[in-house]
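Novice: Here's my sequence, what's the structure:
(one chain, ligands or ions: 1)
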Amino acid sequence: MKPCFFPCAAALALLALTSIVNPASAQFCKPDAQNRSSLLHCCHGNNIKAALLCSQYASSSIARMQRIKTLRDALWLSLRSAEPQSATTKAQQDIVPLVGKTIVVDAGHGGKDSGATRGGIEEKNLCLAIVLKLKQRLLDQGIRVIMIRDKDVFVELDDRVKMTNQAHPDIFVSVHINSSNNSVSRGIEVYYYTRQSERLSWCIYRALVSGLRVVGRGVHKEGFRVIKHVTAPAVLAEVGYTTNTPERTLLADSKYQERIAEAVVAGINQFFASASNDGTP
Ligand SMILES: [Zn+2]
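Specialist: Prediction:
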């Protein structure tokens, strides 16, 4: 299995210090200041020098754009696409791995099915809050997002599968919150069923564990209906426990939900980036 690559902040900082910015030599694509997708596209398509410029542009002109405002972000985007820039389809995929992809996002439970409920907090509502944040982050990257539900409605499991397969997405991601009779249990679990889903599950799992700095409880093969019958690579992520009081408090916090969404997006990025590098789906 191809491991996912996570550049560390220290390495990025070192690169920032050792890189020489030369505006004249950088192929800088000037982004639309109002459009984060445009900015991401420009950053993706350039080298480290250009990314430095891109970062400067971002920080000076578009402070209201919340998510790409640091040098580290810009360098990370650039490093991810640091392939020889020949005019081939594969190279273009390396540069902008997520633009044009279709992702089906599934919030667990909904409507009459509340999922695991503790302390007045219902799993269905936590799942929905997280996937709405995930949706926005994916849209910001130029991804086509199909939501199984974007409000508190009940959707049969078979209908979730049907909707997904009819959309022919690149991947399917389902978000759930775990529960246990043991109130001490906490952390992340990610499930897959089909062989083509295993690498995606590892990418999202590692991104969640490292991004949230929480306990990793492993990646598991399990025949949950939504991931068993979806034809695209499909994962079901349990992003914490409602039955663990401190974790439940975190899961209900909007900022923590943003961090979960951010981590899932990072995992998806790693999946597509490594796929475009080694030619596997
Ligand atoms: Zn659930």
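Novice: what does this structure put close to the ion?
Specialist: For the chain, the residues found near the ion under the criterion C-beta under 5 Å from the ion are Gly108, Gly115, His176. Quick note: C-beta positions are derived from backbone N, CA and C, even for glycine.
Novice: OK, contacts around the nearest residue to the second one once chain neighbours are set aside?
Specialist: Looking back up the chat, that one is Gly115. If the residues on either side of it in the chain are set aside, Gly115 comes closest to Glu123, at 2.9 Å by C-beta to C-beta, 6 or more residues apart in numbering. Contacts here follow C-beta atoms under 8 Å, 6 or more residues apart in numbering; on that basis Glu123 touches Gly108, His109, Ser114, Gly115, Ala116, Thr117, His176, Ile177, Ser179, Thr242.
Novice: Against which helices or strands is the lengthiest helix in the chain packed?
Specialist: Longest helix of the chain, by residue count under DSSP state H: helix 254-278. If contacts are counted by 3 or more C-beta pairs under 8 Å, 6 or more residues apart in numbering; DSSP states H and E, helix 254-278 sits against helix 89-95, helix 123-140, strand 171-178, helix 198-212.
Novice: for the contacts of Glu123, which one is nearest Cys127?
Specialist: The closest of the contacts of Glu123 to Cys127 turns out to be Gly108 (C-beta to C-beta; 4.4 Å).
Novice: Isn't Val145 up against Leu138?
Specialist: Yes - in this structure, Val145 is within contact of Leu138 by C-beta atoms under 8 Å, at 4.9 Å.
Novice: The two: which is more packed in?
Specialist: The residue with more neighbours, out of Val145 and Leu138, is Leu138; 22 against 19, by other C-beta atoms under 10 Å.
Novice: ok so, going back, show the average pLDDT along the longest helix of the chain.
Specialist: The predicted model gives helix 254-278 an average pLDDT of 89.
Novice: With stretch 208-223 instead?
Specialist: Mean per-residue pLDDT for stretch 208-223: 97.
Novice: can you pull the buried residues of it?
Specialist: For stretch 208-223, the buried set under the neighbour-count rule, 16 or more other C-beta atoms under 10 Å, comprises Leu208, Val209, Gly211, Leu212, Val214, Arg217, Val219.
Novice: Name the nearest of those relative to the ion.
Specialist: When these are compared for distance to the ion (C-beta to the ion), Arg217 comes out closest, at 14.9 Å.
Novice: His229 and Asp159 touch, don't they?
Specialist: No - at 11.5 Å, His229 does not count as touching Asp159 under the criterion of C-beta under 8 Å.
Novice: Okay, Tyr256 and the ion: tell me how far apart.
Specialist: 18 Å (C-beta to the ion, to the nearest Å).
Novice: ok, now Thr243?
Specialist: Separation of Thr243 from the ion (C-beta to the ion) stands at 12 Å.
Novice: Which residues are in contact with that residue?
Specialist: Thr243 neighbours (C-beta under 8 Å, 6+ apart): Ala116, Arg118, Asn178, Ser179, Ser180, Asn181, Asn182, Ser183, Ser185.
Novice: Now, of those residues, which are buried?
Specialist: Using 16+ other C-beta under 10 Å as the burial test, these include Ala116, Arg118, Asn178, Ser179, Ser185 as buried.
Novice: want to throw those into CSV with distance to Lys255 and pLDDT?
Specialist: Below are the buried ones among the contacts of Thr243 laid out as CSV (distance: C-beta to C-beta, whole Å; pLDDT from 0 to 100):
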residue, distance to Lys255, pLDDT
Ala116, 22, 94
Arg118, 21, 93
Asn178, 20, 97
Ser179, 23, 96
Ser185, 23, 96
